[in-house]
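In: Sequence plus predicted model, see below.
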Amino acid sequence: MAEAAANALRGAPEWTPWGRPRLGERGPETAFHHALVLARARGSEAIRVLAPGDLIVGGDPAQFEWSPMPWALRGRRQWLAPGGVASGTVFQGLGDRLFGFGDSVCEQLFEGRGFGERSLEGWLTALERRVAYCEQRGIIYRHLVMPESHAIYPDAIPGAPKLSPQRPIAQILARAGESLRATIVYPLEAMIAGRAKAETAHPHDVHCTGYGCFLCYRALMATLTAIGPAEILREDQLLSRNFLLAGDLARAVGAPPRRVDQLVAPPVKHRAIVHGASYKANQVDVIECEAAPPRRLVMFRTSNSTLLFPYLMRHFSRIAAVASVHACFDLIESERPDVVIAEMPERYFAPHHSAASEVDRGMRLVDSEHDFEARTGHKLPLPREG
């Protein structure tokens, strides 16, 4: 069956009427034996990738045909309605590892359904604008792309799919000029190699582990020549800690929390001048660290950066961070940092794949000149200690 499904992705799908079983590896199966399927309306060449339970939204199921996806088999696990993660967006990997397929992550990474031409040009233009804005003010800009667990552990996905050379980050790196490429940090190879030492992405959560964040931190610091090698945290300085982790993917399928061992950065003495109680969109954090060198950082980030902060605190006396993938130029102007870091997971590049958005399915960066206060509810300048 895996070979037949692979053939389907190579352009020779074995189509089955929606309501009719097909012969699978364990006997007759329907689309609902799979977490994801290929689907199309009868007589149409347009192929959609969707969760079987979502099909009715697209029309009368009797008018559709389906074919299985090699990396999205349900196996014998009882799939439950997700809670913290969007409904129908988790599938079982090999062993006990879970993967999400929200934000069209499988379509982006394995099928190469990344940017339309307009979205690709839009991303390149937005990134070039950020770099130019910062360079004109003597500020270093870095765009940190956090690799997905699917890319780090593809061998744990049923069917062992290969990463597409047309996935969004590859499209950007291929099209970007040399100077723009130098600002983009995508530490996938380091995260794969790091598996020999420890887990680099959680098996039951969409985020990197503490050790995975350490590898991303090391890759990022290697591009900042003003920070000398002696300043950068070494692996033998990491601390081992045991945590009770619920895991957003585990919660989505009703699995209980579990204890995990994690390598983390040694704590750094700091003051939270502005602090969000828990991560939410447009949250503002301002952190000051007396022991750090007198450098300032502005960060536009996602929840991935929560474990990055303890590493970055070693190098910056002030960090002003906004939970957004969109940059606020008025914040940069107010803070006048030495470095700006924009962090995001790679699935955020083109999360809007659908049959209605084939031409332009990427996410548009909506950077702003003057609406930091409107977005966050905080006035500029942001407060300082004392």
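Out: In hand now; what should we look at?

In: Quick check: pLDDT value at residue 77.
Out: With respect to pLDDT, residue 77 has a value of 31.

In: SS state for residue 281?
Out: coil (DSSP: H, G, I helix; E, B strand; the rest coil).

In: How about it: what's its closest non-neighbour residue?
Out: residue 323 (5.7 Å; C-beta to C-beta, 6 or more residues apart in numbering). Where C-beta positions appear, they are placed from N, C-alpha and C, glycine not excepted.

In: And for that neighbour, the neighbour number?
Out: 20 (other C-beta atoms under 10 Å).

In: And it, how far from residue 375?
Out: 10 Å (C-beta to C-beta, to the nearest Å).

In: Give the residues shared as contacts by the two.
Out: residue 282 (C-beta atoms under 8 Å, 6 or more residues apart in numbering).

In: outside of stretch 193-200, which residues touch it?
Out: With C-beta under 8 Å, 6+ apart, stretch 193-200 has contacts from 152-153, 191-192, 208-209, 211-212, 215, 235, 260, 263.

In: I'd like to know which of these are part of helices.
Out: Members of the contacts of stretch 193-200 lying in helices (criterion: DSSP state H): 152, 191-192, 211-212, 215.

In: Compare those and tell me which has the most neighbours.
Out: residue 212 (28 neighbours).

In: What sits closest to the residue nearest the centre of the chain if chain neighbours are left out?
Out: Nearest residue to the geometric centre of the chain (C-alpha atoms, centre = their mean): residue 345, 2.4 Å. What sits nearest to residue 345 in space, not counting adjacent residues and going by C-beta to C-beta, 6+ apart, is residue 146, at 4.7 Å.

In: What distance do you get for that neighbour to residue 21?
Out: 40 Å.

In: Which pLDDT value does the model give the nearest residue to residue 373 once chain neighbours are set aside?
Out: Closest residue in space to residue 373, ignoring its immediate chain neighbours: residue 379 at 5.7 Å, by C-beta to C-beta, 6+ apart. pLDDT for residue 379: 96.

In: Check the secondary structure at residue 379 for me.
Out: Classified using three-state DSSP, residue 379 is coil.

In: Tell me, how many residues neighbour it?
Out: 10.

In: All the strands of the stretch 51-200 of the chain, residue numbers only.
Out: Using DSSP state E, counting those that start in this stretch, the strands of the stretch 51-200 of the chain run over 64-68, 90-92, 98-100, 140-146, 184-185.

In: Lowest average pLDDT across these?
Out: The bottom spot among the strands of the stretch 51-200 of the chain, by mean pLDDT, belongs to strand 90-92, with a mean of 75.

In: Adjacent strands (with direction) for it?
Out: The pairing partners recorded for strand 90-92 under DSSP bridges are strand 98-100 (antiparallel).

In: Enumerate the positions of stretch 211-231 that are buried.
Out: 211-221, 224, 227 (16 or more other C-beta atoms under 10 Å).

In: centre of the chain versus that stretch, how much separation?
Out: Taking the mean of its C-alpha atoms, stretch 211-231 sits 20 Å from the chain's own mean (C-alpha atoms, centre = their mean, to the nearest Å).

In: With just CA atoms, put that stretch into CSV.
Out: The C-alpha coordinates for stretch 211-231 follow below in CSV (Å, rounded to 0.1, in the frame of the first residue of the first chain):
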residue,chain,number,x,y,z
TYR,A,211,18.8,21.2,23.3
GLY,A,212,17.2,22.0,19.9
CYS,A,213,17.0,25.6,20.9
PHE,A,214,20.6,25.5,22.0
LEU,A,215,21.6,24.4,18.5
CYS,A,216,19.5,27.1,16.9
TYR,A,217,21.2,29.6,19.3
ARG,A,218,24.7,28.4,18.3
ALA,A,219,23.9,28.7,14.6
LEU,A,220,22.5,32.2,15.2
MET,A,221,25.4,33.4,17.2
ALA,A,222,27.9,32.1,14.6
THR,A,223,26.5,34.8,12.2
LEU,A,224,27.0,37.6,14.7
THR,A,225,30.7,38.4,14.4
ALA,A,226,30.6,41.0,17.1
ILE,A,227,29.9,38.2,19.6
GLY,A,228,33.2,36.3,20.1
PRO,A,229,33.4,32.5,20.4
ALA,A,230,34.4,32.8,24.1
GLU,A,231,31.0,34.4,24.9
